[in-house]
Every structure is written in C-alpha cells, then in structure tokens.
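Visitor: Quick one, structure for this:
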Amino acid sequence: MARSKSAQSSDRPLTRMAAALIALLASAPIVAAEEPAVVIPPPSLDEKSSASTEIAVFAGGCFWGVQGVFQHLKGVKKAVSGYSGGTAATADYETVSGGKTGHAESVEVTFDPREVSYGQLLQVFFSVAHNPTQLNYQGPDHGTQYRSALFAVTDEQKKIADTYIAELGKSGAFPSKIVTQVSPFKGFYAAEDYHQDFLTRNPTHPYIVYNDLPKIENLRALFPQSFRANPVLVFKAKS
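Guide: Next up is the predicted model:
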C-alpha cells in the first residue's frame, strides 16, 4: 500500500509508531534501501551542447526521492516534482494517485549542460535514483503513476536514452530487463507545494529514512566529484 502524501499528513506530529520506527532505523547504519544502487558505465553516446540551460524530465517512482537525488547533483539548477504523461486537467496528486490519468510522478530537471550532460543525468537516474527493472512500481509504491519513464524533450535526448538503455541491457548490469519507457515530452505540471523539497524538509519521515536517504548516500559514494552537499531547492529555506 502506498503511503499517504496529503498536505495535512506531511505537517502532522509523528505518531508513537512512526517515532519508534525512526529510533529503530537510527540505531543501525542505513544499508538496506528498497532500491540499492547499481554501478554502471556511462553512455557511449552523449550530447554536445554550448547552451547554458536545458530541461530533462525523469519518472522513477515517488518523486520525493528522485527530486532529492537530482537536487544534490552539481550542474543542476532546479529540480521540481510534478506530473508528466497526461493532461493539465488531471495533474493533481489525488487524481494522479488513481493510476488512470496517464501521468507519472516526475521530476523536471533544469541543468547546465556545460557542467553536467544529459548522459550523466541518465547514468545517475539508472544507477542511483530508482530501479529501472520494476514495471509500474517502485519499492512499496504500485501503479502506472510510479512507472519508470523518460520524457524526451528533444530528438537528441530520445536517441541518447534509447541507445543507453540498449547498452545497459547488453552489459548485464541489471539482473532483469530494463522496462523504462522513453516517450516524447508533451508537458510537465508542477506538483503541489507540499511535495516540493520534501526530502530536505522531512529527513526523519519514515518513508524518507528507509527509501530515499540511502539514495543520497549512494550518490555521494558513487559520484563523489558530482555530489553537491547543499541541495538546490525549489523554495528557499526560511532563515
């Protein structure tokens, strides 16, 4: 059963059960993440761009963790949680949660290709941010809204993504077939404010502790030169 992500629940004091779970998790190293990282080679095909800003859209399960990973990656200017794959009329959390809108929980990444390429973003996406072999689910979250997908903003992005998926499939890096969909980008709709920067604002939330904080540590361990200690946030922290 997926966890509740209502605005009210995100600000509610922790229950005794949640507090007990946090205490239990805090007493041992976080090593048993739902989606362990996989060491994979970079793509052989990558873009060459002199532009200062580009956009890429990724879907890999709950957007809390995917957003958190990209927010800690150097070269990323902004990472916004939202919905992609459906229409504007159905782009809200409660409707998308029904699994019939065509939307996937997604993250729109604005990046500087002079600092981090689209291919490097893909490497982090497949290695750290999610498990690309899980069809229409990620860890505890089930439904097409949690599918693995790439929404290609340009033809070049689609070519790079398709080529990389084929390469990873041949490499045997993953024990099962990669099921990531590569689809043309049709639109992105930002999620409700209470979903933005959720990992940073709620580091002791049980879901974050178990499923997402290990992703940040995996990013730090596997991509130390690209890791940014202070995440780039959607909303500035209150002083």
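
Visitor: neighbours around the closest residue to residue 54 other than its chain neighbours, how many?
Guide: Nearest residue to residue 54 in three dimensions, chain neighbours excluded: residue 113, at 5.1 Å (C-beta to C-beta, 6 or more residues apart in numbering). C-beta here means a position set from N, CA and C on the backbone, and glycine is covered the same way. Neighbourhood size, residue 113 [other C-beta atoms under 10 Å]: 21.

Visitor: Phi and psi next, for the most centrally placed residue in the chain.
Guide: In the chain, the residue lying closest to the centroid (C-alpha atoms, centre = their mean) is residue 66, at 1.7 Å. Residue 66 adopts backbone torsions of phi -60, psi -40, taken as degrees, to the nearest 10.

Visitor: so what's it up against?
Guide: 58, 59, 60, 81, 105, 106, 107, 125, 129, 130 (C-beta atoms under 8 Å, 6 or more residues apart in numbering).

Visitor: Tell me the one among those residues nearest to residue 142.
Guide: residue 105 (12.3 Å; C-beta to C-beta).

Visitor: any idea which helix or strand comes after the longest helix seen in the chain?
Guide: Determined from DSSP state H, the single longest helix within the chain is helix 155-171. Downstream of helix 155-171, the first helix or strand assigned by DSSP states H and E is strand 181-184.

Visitor: what helices or strands is that next one leaning on?
Guide: Applying 3 or more C-beta pairs under 8 Å, 6 or more residues apart in numbering; DSSP states H and E, we find strand 181-184 packed against strand 148-152, helix 155-171.

Visitor: Mean neighbour count, those: which tops it?
Guide: Highest mean neighbour count of the helices and strands packed on strand 181-184: strand 148-152, a mean of 24 (counted as mean count of other C-beta atoms under 10 Å).

Visitor: sorry, back to before: which one of the contacts of residue 66 is nearest to residue 217?
Guide: After measuring the contacts of residue 66 against residue 217 - C-beta to C-beta - the closest member comes out as residue 129, at 13.0 Å.

Visitor: So what's the residue count around that closest one?
Guide: Around residue 129 there are 29 residues (other C-beta under 10 Å).

Visitor: can you tell me which helix or strand residue 38 belongs to?
Guide: Counting by DSSP H and E, residue 38 is part of no helix or strand.

Visitor: neighbours of it, just the number please.
Guide: 17.

Visitor: My guess is it contacts residue 175. True?
Guide: No - using C-beta atoms under 8 Å, residue 38 is not in contact with residue 175, being 9.4 Å away.

Visitor: Which ones among the contacts of residue 66 lie within strands?
Guide: When those are checked against strands (DSSP state E), the matches are 58, 59, 60, 81, 105, 106, 107.
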